[in-house]
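Participant: fold the following, please.
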Amino acid sequence: MTPETLDLYLQALRALFLIVVPLVIGVCVGGIVSSVLQALTFLNDQSIGYASRLIALALVLYSFSGTFSQSLIGLMERALR
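Facilitator: Sure, this is the predicted structure:
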C-alpha cells in the first residue's frame, strides 16, 4: 500500500466521520427530547418518537449539507487525481 493510498483511506474515514457523527448526535438528542416530553405529558405513542427523530435528522441534514458536500467533493477530487 502506497502512502498516497493510505492518505486517501484516512481522508475517506475522516469524511465519513464528519458526516455520520452530526447525524447520530442529532437523532440521539431528538430521541432524548421526545422521550422526556412523553414522560412529562404521559403520552405513550410511538409515532411521536419516530417523528421527532425524523425531524431532527432533517434539521441536521439541512444545516450541515454544505459541510457534507464539501467533504465529499474534496474526497472525490483527491481520489480522481
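
Participant: just read off the phi/psi values of N44.
Facilitator: phi -120, psi 50 (degrees, to the nearest 10).

Participant: which residues touch it?
Facilitator: Q38 (C-beta atoms under 8 Å, 6 or more residues apart in numbering). Just so you know, the C-beta spots here come from the backbone N, C-alpha and C atoms, and that holds for glycine as well.

Participant: that one and L37, how far apart?
Facilitator: 12 Å (C-beta to C-beta, to the nearest Å).

Participant: got it, and G31?
Facilitator: 11 Å.

Participant: could you do Q46 as well?
Facilitator: Taking C-beta to C-beta, one finds Q46 at 14 Å from L37.

Participant: neighbour count: those two, which is higher?
Facilitator: Between Q46 and L37, counting by other C-beta atoms under 10 Å, L37 is the more crowded of the two (13 against 8).

Participant: next up, the contacts around the more buried one.
Facilitator: L43, I48.

Participant: where does it fall, phi/psi-wise?
Facilitator: According to degrees, to the nearest 10, L37 has phi -70, psi -40.

Participant: just the pLDDT for it.
Facilitator: On pLDDT, L37 comes in at 87.

Participant: what about the helices in the protein?
Facilitator: In the chain, the helices defined using DSSP state H lie at 3-41, 46-79.

Participant: now do the first one against helix 46-79, angle only.
Facilitator: Between helix 3-41 and helix 46-79, the angle comes out at 170 degrees (axes from the mean of the first three to the mean of the last three C-alpha atoms, to 10 degrees).

Participant: i'd like the first residue to be 361 from this point on
Facilitator: Sure thing, new numbering starts at 361, so read that last one as helix 363-401.

Participant: buried set for helix 363-401?
Facilitator: A372, A375, I379, P382, G386, V387, G390, S394, Q398 (16 or more other C-beta atoms under 10 Å).

Participant: give me the neighbour count for S412.
Facilitator: 20.

Participant: Q398 and S407 touch, don't they?
Facilitator: No: taking contacts as C-beta atoms under 8 Å, Q398 lies outside contact range of S407: 10.9 Å.

Participant: what does stretch 369-386 contact?
Facilitator: Here stretch 369-386 has contacts from 416-417, 419-421, 424, 427-428, 431-432, 434-435, 438-439, using C-beta under 8 Å, 6+ apart.
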